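Quick one, structure for this:
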Amino acid sequence: MNNKYIMLIFTLLMIAVACTKVKDYNEPVSDDPTKPGAITNIKVANFNGGSYITYSLPASGNILYVKADYVIDEKTGKKRQTKSSYYSDSITVQGFAENKEYTVSLTTVTRSNVESDPVTVKISPDTPVYRKVAKTIRIQPDFGGINVQTVNPDKKPVGVIVLYKPEGADKYSIYEQKFSDFAELGFSSRGFDTLPKQFAVYITDQWGNNSDTLFQTIKPLYEVEIDKNKWFGNALPSDGRIGFGWALSNLWNNNTGGTGWHTVQENVPLPIVCTIGLGVSAKLSRFVLYGRSGYEYGHGNPKVFSIWGSDKAAPADQVLPIFAEEGTVLGDWVNMGNYVWPGPPSGAPPSAPTATDRAVFNRGMEFNVPFLAPKTRFIRMAVSESWSGATFAHAMEITLFGNTK
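Numbers count the residues shown, from 1 in each chain. Below you'll find the model as predicted:
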């Protein structure tokens with residue numbers, strides 16, 4: 001048979017298969033009505049908020065999966081169901097609200113959707129992660145609001161919910177929510193005057209469990225924009241050499257266009273540093289940094305950088321490292337924060353940001369100064385990585401906030 005006829009027969013077979021109608025993709029793959037046996041040899045290993053359950057499957061080639069049905073919160077009656085395929089000899093049940101005994105019902109299901117008699121097992125999950133995190137909540141006054149700190153050594157996803165009750169209101173409402181699986185989560189909720197305010201915080205998890213709520217009345221700290229009229233350039237020997245006729249003072253001239261701070265385009269060691277005197281001792285709370293428009297997420301715009309501070313009257317020069325932990329002290333200088341400028345919010349590559357990405361970039365990016373950072377009279381911005389990876393850096397403006405009292 002020659003190739004011509006082989007190809008013709010193959011084509012006709014493919015057409016026949018393509019025209020065959022599949023009645024129902026959800027039909028059981030078996031019509032065997034036999035009731036399966038139950039699982040045996042059950043063993044339990046508990047963990048925070050759940051349990052691993054291992055077992056032996058019944059001797060049947062028709063088993064499709066094992067399902068577990070259980071109540072995760074007996075106060076609300078909230079239920080969950082978990083399934084594990086016949087390829088596995090274990091199933092994980094989780095999301096339990098408390099550290100107590102629970103009952104799990106385990107059922108074998110065949111390919112014909114026939115269920116075995118259920119087998120129940122008692123489990124006693126360890127303390128759920130959200131409850132462990134709730135015990136670490138610390139609320140303290142911050143500039144224009146409150147600062148919240150939590151510790152999550154298990155690094156499991158939790159949510160930190162900040163509530164606020166305005167004066168005269170009947171109840172609290174959600175003011176801010178933060179979700180994280182970091183070992184430590186600290187953030188500030190701002191937008192308040194310095195009068196005492198009623199705040200509350202609780203922890204939630206991905207299964208909708210909520211911890212007890214911590215209530216606290218807090219008087220937010222006073223915050224102002226640090227007066228730029230008092231700032232001055234304080235170039236130190238290890239600072240980056242400025243080029244192209246730009247000037248360090250452009251960083252505080254309240255003009256985000258035109259020219260700014262721009263170092264020479266030479267092969268020099270990182271980080272690229274500039275030093276500014278504030279003319280006053282201030283406890284900084286946050287700052288807004290403006291990159292160079294037209295080069296959004298590119299060129300010498302800072303991507304990874306740190307802020308160093310000194311409260312000395314005339315701090316000596318110090319060659320700064322590419323990276324140091326917050327709080328590191330080198331000579332007269334202390335690391336007051338490490339920062340990464342977020343990438344394009346659209347998810348587009350930095351080399352091809354959307355119009356919206358560019359607009360977000362050019363609004364400036366706000367960064368918080370760690371609450372425990374000391375007061376400072378001088379700041380040094382040390383750029384460890386620009387968006388292009390070049391050994392030069394540029395920025396247009398920086399605005400600082402804090403308390404000078």
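
Give the rounded mean pLDDT of stretch 166-177.
In this model, stretch 166-177 has an average pLDDT of 95.

for it, which positions count as buried?
Buried residues in stretch 166-177, counted by 16 or more other CB atoms under 10 Å: 172, 175-176. Every C-beta, even on glycine, is put in place using the N, C-alpha and C of the backbone.

Convert the C-alpha atoms of that stretch to CSV, please.
What follows is stretch 166-177 as a C-alpha-only set of coordinates in CSV (Å, rounded to 0.1, in the frame of the first residue of the first chain):
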residue,chain,number,x,y,z
PRO,A,166,-14.5,57.3,65.0
GLU,A,167,-15.7,59.5,67.8
GLY,A,168,-19.5,59.2,68.1
ALA,A,169,-19.7,56.0,66.1
ASP,A,170,-21.5,53.0,67.5
LYS,A,171,-19.1,50.4,66.2
TYR,A,172,-15.7,49.7,64.8
SER,A,173,-15.1,49.3,61.1
ILE,A,174,-12.1,47.9,59.1
TYR,A,175,-9.6,50.6,58.4
GLU,A,176,-6.7,48.6,56.9
GLN,A,177,-5.8,45.0,56.1
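
Let me see the ranges of the helices in the stretch 301-405 of the chain.
Ranges of helices within the stretch 301-405 of the chain are 355-362, based on DSSP state H, counting those that start in this stretch.

follow-up on the earlier one: which ones among the buried residues of stretch 166-177 are found in helices?
Using DSSP state H, the subset of those located in helices is empty.

of those residues, closest to Phe47?
Glu176 (30.3 Å; CB to CB).

What's opposite the closest one in the beta bridge?
Per DSSP bridges, the residues bridged to Glu176 are Val162.

That one touches Ser189, doesn't it?
Yes: counting by CB atoms under 8 Å, Glu176 does reach Ser189; the two are 4.6 Å apart.

any residues in contact with both of these two?
Val162 (CB atoms under 8 Å, 6 or more residues apart in numbering).

about what we covered before: JSON lines for the buried residues of stretch 166-177, including distance to Val104?
Formatted as JSON lines, the buried residues of stretch 166-177 follow (distance: CB to CB, whole Å):
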{"residue": "Tyr172", "distance to Val104": "36"}
{"residue": "Tyr175", "distance to Val104": "38"}
{"residue": "Glu176", "distance to Val104": "36"}
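
And the strand or helix carrying Val288, what does it pack against?
Using DSSP states H and E, the element containing Val288 is strand 272-290. Other elements packing on strand 272-290 under the criterion 3 or more CB pairs under 8 Å, 6 or more residues apart in numbering; DSSP states H and E are strand 232-233, strand 302-310, strand 365-368, strand 376-386, strand 397-403.

try it again with 6 Å
strand 365-368, strand 376-386, strand 397-403 (3 or more CB pairs under 6 Å, 6 or more residues apart in numbering; DSSP states H and E).
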